[in-house]
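Engineer: just need the structure, nothing else, for what follows:
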Amino acid sequence: MDLWYAQNRAPEFKLKESKMILHPFTVKDYEGLTINPYQGCQHRCGYCYATYEWSPEFYDRIYAKSNSPQILENQLRSWKFKKQIHPVMISSATDAYQAAELKFELTRRCIEVLQKYNFPYYVFTKSTIIKRDLELHKRYKDNCIIVWSITTSDENIRRCIEPGTPPTSAMFEVISKFTDLGIRCCINVDPILPLITDSSDNIESIISSSRKANVKYISGAVLRLRRDIWERMKVILKLLDIKNGIKEYNRIFQFIEPIKAGRNIAASYSYTNMIFEKVRKSVLKNEMNFEFPRINGADKVDARNISNNNDQLTLVDYM
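Structural biologist: Numbering: from 1, shown residues only. Purely as a prediction, here's the structure:
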């Protein structure tokens, strides 16, 4: 059975330079900005959306964009002519706090640049390495939110579906350190994997741990299938010995193989509604918010008021 990553071998690190590091993106009606200081990821999540077929080395060769902080500063200096900016998402196509960050420190240096120019940001991570920058985020807590991606509380499942990630218990220990300092955190249960992480016990366990860690917000989404993701998911279903797993996925996602290249398949409406209702009830029972938090309730600020100074302002100052 072929796995989607090389076993017993650390990934190779390589340096590269980028012409641009701050990229705009649009998802439905939402417009935003994103930074990815690295290309590739050591977490080796079998469900990863960033692993397109043209990137077969995604798990085993990590490119560090060595000039990221300098390029980011150049872009932000020229951003004032824009009327509005949006919070920056760090990061959309890799984990900015994967192990490579210990060697290159590109994420830390990019965040220092964002803070220098008073840009709000979200950090998306499933790494405990972020605790190194606890004080960095603390001093900017009014203008940032840390979003933690957690899929399962079962260690046997975690080691199969995302073998490069830290134990969930270790993640919650770090999350508690952030919330204790008043840094806003959100748990993103994404993706929820049918037959694997969609049980009431798993969802209840994650939400209960989130409450104990003093997290106020829960968000989540059900897995979407793509041809390369489906090939990895079939391996996962076999590794976990899930009976009739492939047949059930065909039923839940309502597709016939082979999946066409470039096609993204969502789970059926009935299945998605059932899962969301399960999560919603658990979240409300634990007196938390089933929504994605916004920085000070805003999703964009007036760039004409962005200044290069040492006084940390909040979004309220731009409204």
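
Engineer: tell me the SS of residue 219?
Structural biologist: strand (DSSP: H, G, I helix; E, B strand; the rest coil).

Engineer: quick one: low-confidence ranges for this protein?
Structural biologist: 1-2, 7, 28-29, 54, 80-84, 296-319 (pLDDT under 70).

Engineer: where do the helices sit along it?
Structural biologist: If DSSP state H is used as the criterion, the helices of the chain fall at 68-77, 100-104, 106-116, 134-138, 155-161, 168-180, 200-212, 227-239, 245-253, 269-285.

Engineer: in a markdown table, list those along with mean neighbour count and distance to residue 51.
Structural biologist: C-betas here are computed from N, CA, C, even on glycine. Putting those into a markdown table (neighbours: other CB atoms under 10 Å; distance: least, CB to CB, whole Å) gives the following:
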| stretch | mean neighbour count | distance to residue 51 |
| --- | --- | --- |
| helix 68-77 | 19 | 21 |
| helix 100-104 | 17 | 16 |
| helix 106-116 | 21 | 20 |
| helix 134-138 | 15 | 28 |
| helix 155-161 | 16 | 13 |
| helix 168-180 | 17 | 22 |
| helix 200-212 | 18 | 24 |
| helix 227-239 | 18 | 6 |
| helix 245-253 | 16 | 18 |
| helix 269-285 | 15 | 23 |
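
Engineer: include distance to residue 10 when you put these into a markdown table, please.
Structural biologist: Formatted as a markdown table, the helices of the chain follow (distance: least, CB to CB, whole Å):
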| stretch | distance to residue 10 |
| --- | --- |
| helix 68-77 | 22 |
| helix 100-104 | 11 |
| helix 106-116 | 19 |
| helix 134-138 | 26 |
| helix 155-161 | 17 |
| helix 168-180 | 20 |
| helix 200-212 | 29 |
| helix 227-239 | 20 |
| helix 245-253 | 31 |
| helix 269-285 | 36 |
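
Engineer: of those, which is nearest residue 5?
Structural biologist: Among those, the nearest to residue 5 by CB to CB is helix 227-239 (9.3 Å).

Engineer: still on that earlier bit, the helices of the chain: which one's closest to residue 42?
Structural biologist: helix 100-104 (6.8 Å).

Engineer: who touches that closest one?
Structural biologist: With contact meaning CB atoms under 8 Å, 6 or more residues apart in numbering, helix 100-104 is reached by 13, 37-38, 42, 62, 64, 66, 107-108, 127, 129, 132.

Engineer: out of those, which are buried?
Structural biologist: Buried subset of those (neighbour count, 16 or more other CB atoms under 10 Å): 13, 37-38, 42, 62, 64, 66, 107-108, 127, 129.

Engineer: check the residues you listed and tell me the two furthest apart.
Structural biologist: Across these (CB to CB), the longest gap, 20.3 Å, separates 66 and 127.

Engineer: residue contacts, the closest residue to residue 65 other than its chain neighbours?
Structural biologist: Excluding the flanking residues, the one nearest residue 65 by CB to CB, 6 or more residues apart in numbering is residue 18, at 4.5 Å. Contacts here follow CB under 8 Å, 6+ apart; on that basis residue 18 touches 65, 67-68, 71.

Engineer: okay, residue 18 and residue 160: tell me how far apart.
Structural biologist: As judged by CB to CB, to the nearest Å, residue 18 and residue 160 stand 34 Å apart.

Engineer: what of residue 13?
Structural biologist: Relative to residue 160, and taking CB to CB, residue 13 is found at 25 Å.

Engineer: again with residue 150
Structural biologist: Relative to residue 160, and taking CB to CB, residue 150 is found at 16 Å.

Engineer: same check on residue 127?
Structural biologist: From residue 127 across to residue 160, the span is 19 Å (CB to CB).

Engineer: kindly report the same for residue 224.
Structural biologist: 20 Å.

Engineer: same check on residue 126?
Structural biologist: Noted for residue 126: a distance of 15 Å to residue 160, by CB to CB.

Engineer: repeat for residue 105
Structural biologist: From residue 105 across to residue 160, the span is 31 Å (CB to CB).

Engineer: could you do residue 215 as well?
Structural biologist: With CB to CB as the criterion, residue 215 and residue 160 are 25 Å apart.

Engineer: residue 101 too?
Structural biologist: Using CB to CB, residue 101 is found at 25 Å from residue 160.

Engineer: just residue 255 next, same as before
Structural biologist: With the distance defined as CB to CB, residue 255 ends up 23 Å from residue 160.
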